[in-house]
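Visitor: Here you go, sequence then predicted model.
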Amino acid sequence: MNRLPGFVTGVHSADGIHLLQVRVGEQHCTALALGDAAPAGVGTPVTLGFRELDVALARDLVGDISIRNILPCVVDELTLGALMARVALRCGQLRFHALITRQSALRLQLAAGMAVSALIKSHAMLLLPGEHHD
């Protein structure tokens, strides 16, 4: 599980759905939560968690896209397996991983030092309970 520390900068709620805006390093992310009340308020330190499998990668991304979390990254390391590829990513001071198919890594011609966009849907961004930071 990838973990990114951040601070809630906004909460938008309606009908038991909560979209939380979270500042993570120099980036802004959106997490979706369900429930009667928002799980965190503005200014609250939180940790966002997301699976390596929930990260899609793009090169030279242009145009509009519905995915709200688009993080500009650099590939730190690429490990090709028989079926899957594990990609270590750096976004400013943040580090996390993506797990994509080997075929996708080859099609994108991924290599260390390459600029990519990491795409993570809001519903995949979880607020990890009990993992707050200062």
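Guide: Cool, got the structure.
Visitor: What's opposite residue 72 in the beta bridge?
Guide: residue 117 (DSSP bridges).
Visitor: I'd say it and residue 94 touch.
Guide: No: if you go by C-beta atoms under 8 Å, residue 72 and residue 94 don't touch, sitting 10.8 Å apart. In short, each C-beta sits where N, CA and C put it, glycine included.
Visitor: between those two, which one's more packed in?
Guide: residue 94 (19 against 14; other C-beta atoms under 10 Å).
Visitor: Once you drop chain neighbours, what's closest to the more buried one?
Guide: residue 25 (4.9 Å; C-beta to C-beta, 6 or more residues apart in numbering).
Visitor: Kindly report the same for residue 58.
Guide: That would be residue 117: by C-beta to C-beta, 6+ apart, it lies 4.6 Å from residue 58.
Visitor: ok, now how distant is that neighbour from residue 33?
Guide: Remark: distance between residue 117 and residue 33 (C-beta to C-beta, to the nearest Å) = 24 Å.
Visitor: all helices of the chain, in order?
Guide: 102-108 (DSSP state H).
Visitor: center of it, which residue is that?
Guide: Per C-alpha atoms, centre = their mean, the C-alpha nearest to the average position across the chain is that of residue 120, at 4.7 Å.
Visitor: Hmm, that residue is touching residue 57, no?
Guide: No: using C-beta under 8 Å, residue 120 is not in contact with residue 57, being 10.5 Å away.
Visitor: what stretches of this protein score poorly on pLDDT?
Guide: Within the chain, the stretches with pLDDT under 70 are 129-134.
Visitor: just the strands in it please.
Guide: 2-14, 17-24, 27-34, 45-50, 56-58, 69-80, 84-91, 94-101, 115-120, 126-127 (DSSP state E).
Visitor: Throw those into CSV and include distance to residue 108, thanks.
Guide: Shown next, in CSV, are the strands of the chain (distance: least, C-beta to C-beta, whole Å):
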stretch, distance to residue 108
strand 2-14, 19
strand 17-24, 24
strand 27-34, 21
strand 45-50, 20
strand 56-58, 6
strand 69-80, 10
strand 84-91, 9
strand 94-101, 8
strand 115-120, 8
strand 126-127, 26
